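Visitor: show me the folded form of this:
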Amino acid sequence: MNTVKITSNNFEQEVLNSNKPVLLDFWAAWCGPCRMISPIVDEIASEVTDAKVGKVNIDEQPELASAFGIMSIPTLAVVKNGKVINKMVGVRPKDSILKMLA
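Guide: Okay, here's the model as predicted:
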């Protein structure tokens, strides 16, 4: 499965109404660390079947960034049943990100 571009228009359908946990990557095009973690997030999206992976561009979706209290990027958040169950900031190795989903 590929990553899903998350916007305020599809947030409810893709994240809140998802029957799987959703890993959200909050990022921006100008952010160097975001560009470092992006291929890892893409790889996870192509490998996991029991979760959905979405990306939120904070410059295009400031209301979502605000709703999640994003202060630094990259921030990864796992949403399950409409609630954030895990959150981490900064570049992390793939295994650390996968543990967030467990």
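
Visitor: helices or strands up against the helix or strand containing residue 78?
Guide: Element membership for residue 78, per DSSP states H and E: strand 75-80. Applying 3 or more C-beta pairs under 8 Å, 6 or more residues apart in numbering; DSSP states H and E, one finds that strand 75-80 contacts strand 22-27, strand 83-89, helix 94-101. All C-beta spots, glycine's among them, are computed from the backbone N, C-alpha and C.

Visitor: distance between that strand and the chain's centre?
Guide: Chain-centre distance of strand 75-80: 6 Å, with C-alpha atoms, centre = their mean, to the nearest Å.

Visitor: if we can go back for a sec, with mean pLDDT and mean neighbour count added, can I get the helices and strands packed on strand 75-80 in CSV?
Guide: Below are the helices and strands packed on strand 75-80 laid out as CSV (pLDDT from 0 to 100; neighbours: other C-beta atoms under 10 Å):
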stretch, mean pLDDT, mean neighbour count
strand 22-27, 98, 24
strand 83-89, 96, 13
helix 94-101, 95, 15
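
Visitor: need these in a markdown table (columns: distance to residue 76).
Guide: Listed next are the helices and strands packed on strand 75-80 as a markdown table, based on distance: least, C-beta to C-beta, whole Å:
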| stretch | distance to residue 76 |
| --- | --- |
| strand 22-27 | 6 |
| strand 83-89 | 5 |
| helix 94-101 | 6 |
